[in-house]
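Participant: got a predicted structure plus its sequence, pasted below:
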Amino acid sequence: MILDLHLHSELSDDSRAPVEAYLKLLQRKRAERPLDGIVLTEHRQFDLRRDYRALEDQYGFLILNAAEVETDYGHVLVYGVNADILARFDFTNVRLPAQEVITEVTRLGGVALPCHPGRPNVGLCAHYQTKPPLEGVVAVEALNGGSKKGEDARVQELIARYGYGAYGGSDSHLVSFVGICATAFEAEIRTIADLVRELKGGRYRPVDFRPRRAGA
């Protein structure tokens, strides 16, 4: 099962992509980007009432909700957000303590995974140059659709050094980028609880659907 674990809809302040537009594009491009679903990771927010079941039924894609938060070690994706996690952390805080986020989110039933770790300033690699490594990191985003040259290579070095698992996401803020990087799971996923279980279990790998340039 293949899911894009990292993308933003028009609910994020720097995106103008409607959820339905993502689904329409994935329908048209199924041969190139054979995804089964998407996980919306809106910036600094989460609404427990958000429900996309009507769009799921209409387009035949799984749609799950997560969040991207900002910490003192860079950006982190939080999956399995529930009322206890929201009571514990203010997602609007742009200096959340990363170690607490990773530890407490796990304790409260979710999982927190650093994203685009190779990116300057907001990625884990830059922070590891001056700070001790975080404890309890399950996986990092090895493929990010918005990565610039050299960023994903830095992540491979990070993974090799610390033994982290690897996942992928498009980090799309524009409709055309949805699904260009994603994650292939061995198990079927139907709920956010399934996703959290599989992310913790490590039975997945990043997949890259970006077009190959001639000679690359």
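Facilitator: All right, it came through fine. Residues are numbered from 1 along each chain as shown.

Participant: average pLDDT for the helix ranked longest in the chain?
Facilitator: In the chain, taking DSSP state H as the definition, the longest helix is helix 151-162. The average pLDDT for helix 151-162 rounds to 95.

Participant: and stretch 167-174, by the same measure?
Facilitator: Rounded mean pLDDT across stretch 167-174 is 96.

Participant: what comes into contact with it?
Facilitator: Applying Cβ atoms under 8 Å, 6 or more residues apart in numbering, the contact partners of stretch 167-174 are 4-8, 12, 14-17, 22, 39, 41, 77, 113, 115-116, 139-146, 177-183, 199, 204-208. Where C-beta positions appear, they are placed from N, C-alpha and C, glycine not excepted.

Participant: now Ala112: closest residue in space, sequence neighbours ignored.
Facilitator: In this structure, Ala112 finds its nearest non-sequential neighbour in Val105, 4.2 Å apart by Cβ to Cβ, 6 or more residues apart in numbering.

Participant: gap between the longest helix of the chain and the chain center?
Facilitator: Distance of helix 151-162 from its chain centroid, counting by Cα atoms, centre = their mean, to the nearest Å, is 17 Å.

Participant: next, the angle from the helix or strand just after that helix to helix 151-162.
Facilitator: Where DSSP states H and E defines the elements, the next helix or strand beyond helix 151-162 is strand 165-169. Between strand 165-169 and helix 151-162, the angle comes out at 160 degrees (axes from the mean of the first three to the mean of the last three Cα atoms, to 10 degrees).

Participant: roughly how far does Asp4 sit from Asp208?
Facilitator: Asp4 sits 12 Å away from Asp208, going by Cβ to Cβ, to the nearest Å.
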